[in-house]
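> Predicted model, plus sequence, below.
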Amino acid sequence: MTVTLKQLEVFHAIVVAGSISQTTRVLGLSQPTISQQLAKLEDKLGSQLIHRGRSENMRLTAAGEYWYKVASRVLGAIDEAEQEHRILFDEKRLTLHFGTTPSLRGRFLEVAAQTALEIRQFARFDFEWALTSDEIVEMINTRRINCGVVSGSSVEDHKSSLYIEHLCRDKIVWTVPSTIPDDVIAEVLETGQPPKAPFDALTRFVDVTSIVPWRERSDNWYRSTLPFASPFFGCVTHQAAVDIVAAGLATTHSPMSLLPNLPNQVRKRIKVYDLDEHARDVVLVMPKHLLSLKPFAMFRERISEYVRTTYEEARRHEEVRPMPGRQHFAPQAAE
C-alpha cells in the first residue's frame, strides 16, 4: 500500500491548523475521519508523526517534520500544475482567490479586484476575509485562497513556503470623538487627570480583543497616558470600535488603513492623531510556486506599483493630526 494524496492533505492541514480538532474547521471533515486518515498514514510509514500527549501544543516527531516538508512540496506541485493547466487548456477556470482582514480591506480590495479584471487570464475573482492575518495565512497554506494582504508579523514562520513582499507601513492612530477640543485633550495628556463632562469619553476606550497583535502596547499606552481610562467597551473589529468612538462614547487605537473604509457620517464625527512611530508592516503573500505563472506574477507587480504610487499619495491626504502634547508610543514597530 502507498501513501495517498488524501492522507498527505489531511496531515498537512493538521500541522497548519495546529491540532486535529482545529482541522475539522479547515477541511470540513469530522474529527474521527481526520484521526483515521492520520492513523492510516502512520501505519503505512511505520512511524509516529505527531507526539501524543495532554498538551494542546502539537509537536512533530522527526519523521513528522520530514513528511510535512514532503506534503508541502507535493501539494504545492499539484496546485501549480492545476493552475498551469487552467492557463494552457482551460482559461475560463483560472480564479484569483484573494483574502485580507477588515481593517486592510478598504485599501486593497478594490485595487485587487480591478487588477484581476484587467489580467485577462483570470476568469473570476473571489474575495475571502477573516478577523486576523493569521487566519488569512492559514487559508493560503491550506489552499482555500491563493493570495492575500496581511500583517507582516503573521508570516514570520512561513518564509520557506510563501512569497512575501513588503508593501507599506500602516500607522496606528488614536481615534477620538470630534466633539472633544484639542485644548482639552492637551490638558488631559499634560496633567494625567480625567476631564469633566461633557468630555468624559476620554475616560473610556474600546478594547479590540486579543486578536490585535499590538494590543499589549495599546493597553500600556492607556495605562501610562490616560491612567483613569477603562476598557468599558469590547469589539472584535476596528470598524465597530470606531463606530463607538463616532457616537462620542470613548476613544480607541486603530490602523490608519481603516480610514478610507469608513462611511462619511462616521469620518465627520471622529478625528485621528498620529501616535508617532507605532506602525505595522503590511505584506502581500502567495505560495512561491504561483509566481512562475504569468497572471500571478502580473498581479504581484501591479499591486506593488499601486502601493508605490497611488497608495502613498492617498496617505499624504489623510487627515491625521499631530498628537497634542508629547505623549506617544515608544518609537518601535508594531507586530
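It's in. Numbering: from 1, shown residues only.

> Which stretches in the stretch 51-200 of the chain count as helices?
Per DSSP state H, counting those that start in this stretch, the stretch 51-200 of the chain carries helices over the ranges 62-89, 102-118, 133-141, 182-191.

> Of those, which is nearest F296?
Smallest distance to F296 across those (CB to CB): 7.8 Å, for helix 62-89. C-beta here means a position set from N, CA and C on the backbone, and glycine is covered the same way.

> and the closest one, what does it pack onto?
When contacts are defined as 3 or more CB pairs under 8 Å, 6 or more residues apart in numbering; DSSP states H and E, helix 62-89 sits against helix 5-17, helix 31-45, strand 270-287, helix 294-306.

> right, and the ones you listed - which one's nearest R52?
That would be helix 31-45 among the helices and strands packed on helix 62-89, by CB to CB, at 10.6 Å.

> for the closest one, which positions count as buried?
34, 37-38, 40-42 (16 or more other CB atoms under 10 Å).

> And stretch 168-176, by the same measure?
168, 170-176.

> Same list, these, but as TSV with pLDDT and distance to A123 please.
Listed next are those as TSV, based on pLDDT from 0 to 100; distance: CB to CB, whole Å:
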residue	pLDDT	distance to A123
C168	87	30
D170	86	32
K171	86	37
I172	88	38
V173	91	39
W174	94	44
T175	95	40
V176	96	46
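
> any weak-confidence spans in the chain?
1, 53-57, 87-88, 90-92, 210-211, 277, 311-318, 326-335 (pLDDT under 70).

> How is it partitioned into domains?
Domain ranges of the chain: 5-81, 97-335, per automatic domain parsing.

> most tightly surrounded among these?
domain 97-335 (a mean of 18; mean count of other CB atoms under 10 Å).

> ok, now how distant is the spatially most central residue of the chain from A63?
Nearest to the mean C-alpha position of the chain, by CA atoms, centre = their mean, lies S133 at 2.1 Å. Taking CB to CB, to the nearest Å as the measure, S133 falls 31 Å from A63.

> hang on, the earlier thing: among the helices of the stretch 51-200 of the chain, which comes closest to A246?
Using CB to CB, the helices of the stretch 51-200 of the chain put helix 102-118 closest to A246, at 15.7 Å.

> got the contact list for that closest one?
Contacts of helix 102-118 with the rest of the structure, by CB atoms under 8 Å, 6 or more residues apart in numbering, involve 96, 98, 100, 122, 125, 127, 129, 131, 147, 149-150, 170, 237-239, 254-255, 257-262, 282, 299, 302-303, 306, 310-311.

> I figured V285 was touching I164, is that so?
Yes: contact criterion CB atoms under 8 Å: V285 and I164 qualify, at 5.4 Å.

> Which residue ranges of the stretch 201-335 of the chain form strands?
Along the stretch 201-335 of the chain, counting by DSSP state E, counting those that start in this stretch, strands occupy 204-207, 230-234, 252-255, 270-287, 320-321.

> Can you tell me the strand partners of the third one and which way each runs?
What that stands for is strand 252-255. Strand 252-255 has these partner strands in its sheet, going by DSSP bridges: strand 162-177 (antiparallel).

> The strand it pairs with to strand 270-287, inter-axis angle?
Counting by axes from the mean of the first three to the mean of the last three CA atoms, to 10 degrees, strand 162-177 lies at 170 degrees to strand 270-287.

> and strand 162-177, how far out from the chain's middle?
Relative to the centre of its chain, strand 162-177 is centred 10 Å away, using CA atoms, centre = their mean, to the nearest Å.

> Same check on stretch 24-33?
Counting by CA atoms, centre = their mean, stretch 24-33 comes out at 24 Å from the chain centroid.

> which outside residues touch it?
With CB under 8 Å, 6+ apart, stretch 24-33 has contacts from 9-10, 13, 16-17, 20-21, 23, 34, 138, 142, 144.

> What separates the first and last residues of that stretch, distance-wise?
9 Å (CA to CA, to the nearest Å).

> again, but for stretch 9-29
Stretch 9-29 has its terminal residues 12 Å apart, counting by CA to CA.

> ok now that stretch, how far from the chain's centre?
On the basis of CA atoms, centre = their mean, stretch 9-29 sits 20 Å off its chain's mean C-alpha point.

> Also stretch 100-107?
8 Å.

> do stretch 122-132 as well
The chain centroid and the centroid of stretch 122-132 are separated by 13 Å, computed with CA atoms, centre = their mean.

> next one: stretch 156-167
That offset, for stretch 156-167, works out to 13 Å (CA atoms, centre = their mean).

> before we move on, what about stretch 227-234?
On CA atoms, centre = their mean, the centre of stretch 227-234 falls 25 Å from that of its chain.

> Identify the residues contacting that stretch?
192-194, 202-209, 219, 222, 241, 244, 249-251.

> Kindly recompute the last result at 6 Å.
Outside stretch 227-234, the residues that touch it by CB atoms under 6 Å, 6 or more residues apart in numbering are 194, 203-207, 222, 244, 250.

> and of the residues you listed, the nearest to Y68?
D207 (36.4 Å).

> contacting residues for the closest one?
Residues near D207 by CB under 6 Å, 6+ apart: 231, 234.

> picking that back up, take the buried residues of helix 31-45 and write them to JSON lines, including distance to K268.
Shown next, in JSON lines, are the buried residues of helix 31-45 (distance: CB to CB, whole Å):
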{"residue": "I34", "distance to K268": "50"}
{"residue": "Q37", "distance to K268": "55"}
{"residue": "L38", "distance to K268": "55"}
{"residue": "K40", "distance to K268": "60"}
{"residue": "L41", "distance to K268": "58"}
{"residue": "E42", "distance to K268": "60"}
